[in-house]
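Enquirer: Sequence plus predicted model, see below.
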Amino acid sequence: MSATTMIGKQPVNPWYREPWPWLLMAGPFIVIIAGLVTAWLAVTSSDGLVTEDYYKKGLAAGETLAKSHQAEKLGITAGVMLTREAMQIRLNATQSFEQPPTLNVTLSHPTRAGMDQQLLLKRSGDVYRGEMLLPASGHWLVLVEDEAKSWRIMGSVMLPAAQESVIGGGDSAKPQL
């Protein structure tokens, strides 16, 4: 017996030999495959922005704000100068405070964590100096803390910079030369 039958004078193929059922089934099949691929990606990939100790980091945020408020209360500003081989910081304050012998400086890129640098700058007269490799041009975040971590100031600089950039103390702060 033949796989095709005759209706009237036209042969009729079985359903699986017609293109329309396959075309109609292709859409749901593609959605199922896409769903499986998405589920596989969700299970195997890392959630880079979620940390394991998010609660402790949330508590530390309060301490970080307190350090920033302490620097604001003292009126601390930092004039940051970056050259090809070194970083130089000049601290100024509206209130009297004892300038520490060293500063901890973190230079970080907002989107590329692998380019971040940490420096220990030593005091030499009225400026702090330390060697570093000049990072790539663009927007950089500068975090300056004393070694006791009792205050901190943070600001952004655009590289390359031909002059000293001032961070901390509000927008109206100017470095004292």
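Expert: Now that the structure is in, tell me what you want to look at.
Enquirer: make it CA atoms for all contacts and neighbour counts henceforth
Expert: Noted.
Enquirer: quick one: contacts of the helix or strand residue 62 falls within?
Expert: Using DSSP states H and E, residue 62 falls within helix 54-74. Applying C-alpha atoms under 8 Å, 6 or more residues apart in numbering, the external contacts of helix 54-74 come out as 93-97, 149-153, 168-169.
Enquirer: repeat that with 6 Å
Expert: Helix 54-74 has contacts (C-alpha atoms under 6 Å, 6 or more residues apart in numbering) with 95, 150-153, 169.
Enquirer: Now the buried members of those.
Expert: Those of the contacts of helix 54-74 that meet the buried threshold are 151-153, 169, by 16 or more other C-alpha atoms under 10 Å.
Enquirer: mind giving me CSV with these and columns for pLDDT, secondary structure and distance to residue 54?
Expert: Output for those, formatted as CSV (pLDDT from 0 to 100; DSSP: H, G, I helix; E, B strand; the rest coil; distance: C-alpha to C-alpha, whole Å):
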residue, pLDDT, secondary structure, distance to residue 54
151, 90, coil, 23
152, 91, strand, 22
153, 92, strand, 23
169, 74, coil, 29
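Enquirer: Check the offset of the longest helix anywhere in the chain from the chain's centre.
Expert: In the chain, assigned by DSSP state H, the helix with the most residues is helix 19-44. Centroid displacement of helix 19-44 relative to its chain, using C-alpha atoms, centre = their mean, to the nearest Å, is 35 Å.
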